[in-house]
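Asker: 3D, please:
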Amino acid sequence: MSPRLPQRGCCRSYLIPAVPATIAMTPSPTQNTGHRSETRAALWLEQQGLRVLERNLLCRAGEIDLVALDGEVLVFVEVRHRRSASHGGAAASVNRGKQRRLLRAAGYFLPRLARRHLAGRLPACRFDVVCLEAGRIQWIRHAFTE
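Answerer: Here you go, the predicted structure:
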């Protein structure tokens, strides 16, 4: 029997069964590939002159793979990896739904990032996508806007 979900406004909480640490801590092959891709993208962006500030920011709204500074502009970076360009490739996988999640997550993290890295000043922001596809890197600046 599954627990009933709390009514709106209710303060009850439900315990979630613990997962053994050995299972919870073992990344999947997909997670390993994602981590390697993000590391490669971060190093590549630094070679292009950006300063990577944060990696893998996670909240309810979504996840931000990388946050970097490009001069005075705060850049939220989505990293996408595909083995080939079939099905539209890596860039096509950042659809409108993914863009909305990235915008919400960026809105959540922006004040915190401004306090931590920019002395509280809210900067101009940009959304970029770094695509790793068939061994090549493609950097799409201003990939989308609000």
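
Asker: Once you drop chain neighbours, what's closest to the spatially most central residue of the chain?
Answerer: In the chain, the residue lying closest to the centroid (CA atoms, centre = their mean) is I64, at 2.1 Å. Leaving out its chain neighbours, the residue that sits closest to I64 by CB to CB, 6 or more residues apart in numbering is L57, at 4.3 Å. Yep, even glycine has a C-beta here, placed from its N, CA and C like the rest.

Asker: that's a strand at that neighbour, yeah?
Answerer: Yes - under DSSP: H, G, I helix; E, B strand; the rest coil, L57 falls within a strand.

Asker: Give me the neighbour count for it.
Answerer: For L57, the neighbour count with other CB atoms under 10 Å is 19.

Asker: again, but for N95
Answerer: Neighbours of N95 (other CB under 10 Å): 9.

Asker: Next one: it from R115, what distance?
Answerer: 32 Å (CB to CB, to the nearest Å).

Asker: And Y108, by the same measure?
Answerer: Here the criterion is CB to CB. By it, Y108 lies 13 Å from R115.

Asker: more crowded one of these two?
Answerer: Y108 (15 against 12).

Asker: Could you pull up the residues touching that one?
Answerer: The contact partners of Y108, by CB atoms under 8 Å, 6 or more residues apart in numbering, come to 59, 61.
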